[in-house]
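S.K.: Fold the following for me, if possible:
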Amino acid sequence: MLNKSAGDYNKGVYNLERRVPVIVRKQSEKALTANDLLQDAWGFCYSRKPDYEKVVSKCCDFLEGYIAIKYFPKEKKPTLRKLIIQLSQKPQILTYKGSGIIADKALVLELLKDAIDYRGQHTSGTGKRPNKDEAEFVLHTTIYLWNLFEK
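M.R.: I've put the predicted structure just below:
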């Protein structure tokens with residue numbers, strides 16, 4: 001889960017246990033091990049000098065690639081909002097743990113539909129710089145979604 005080769009304390013490798021509850025680490029471990037973008041997002045979130053914009057950006061990049069490959073492999077320029085809209089229009093193609101329980105299968109994706117606004121880009125328009133809570137929400141919701149979709 002952690003970059004064991006990192007020798008620089010600024011990366012946040014060492015005292016991580018004190019900042020993240022054990023249950024959260026355990027639930028996140030598999031996703032972080034399997035995905036470099038999520039591992040990077042985790043590092044940006046929990047390092048000594050967190051960069052919350054990069055947390056959100058890495059999570060959005062991960063989700064765009066992950067969802068596009070899984071459901072829209074021919075999509076040339078996937079954006080998170082566009083992919084969620086497309087899946088909302090075709091919710092029957094979604095499959096994930098417990099997808100039969102929810103009447104609207106695309107509902108779980110609504111959790112991150114507006115995450116792209118928190119990348120800190122285009123802040124002169126609708127973009128916003130994320131704070132700690134917003135970045136952690138995006139990171140852990142992304143990990144939660146990965147866990148659901150990785151049946």
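
S.K.: for the protein, which spans come out with low pLDDT?
M.R.: Where the chain drops to pLDDT under 70, the residues are 1-19, 120-127.

S.K.: which strands and helices sit next to the lengthiest helix in it?
M.R.: With secondary structure taken from DSSP state H, the chain has its longest helix at helix 52-71. For helix 52-71, the contact count by 3 or more C-beta pairs under 8 Å, 6 or more residues apart in numbering; DSSP states H and E identifies helix 36-46, helix 80-89, helix 132-149 as packing neighbours. All C-beta spots, glycine's among them, are computed from the backbone N, C-alpha and C.

S.K.: Any idea how far the longest one is from the middle of the chain?
M.R.: Meaning helix 132-149. For helix 132-149, the separation from the chain centroid amounts to 5 Å (computed by C-alpha atoms, centre = their mean, to the nearest Å).

S.K.: what comes up buried for stretch 63-83?
M.R.: Leu63, Glu64, Tyr66, Ile67, Ala68, Tyr71, Phe72, Pro78, Leu80, Arg81, Lys82, Leu83 (16 or more other C-beta atoms under 10 Å).
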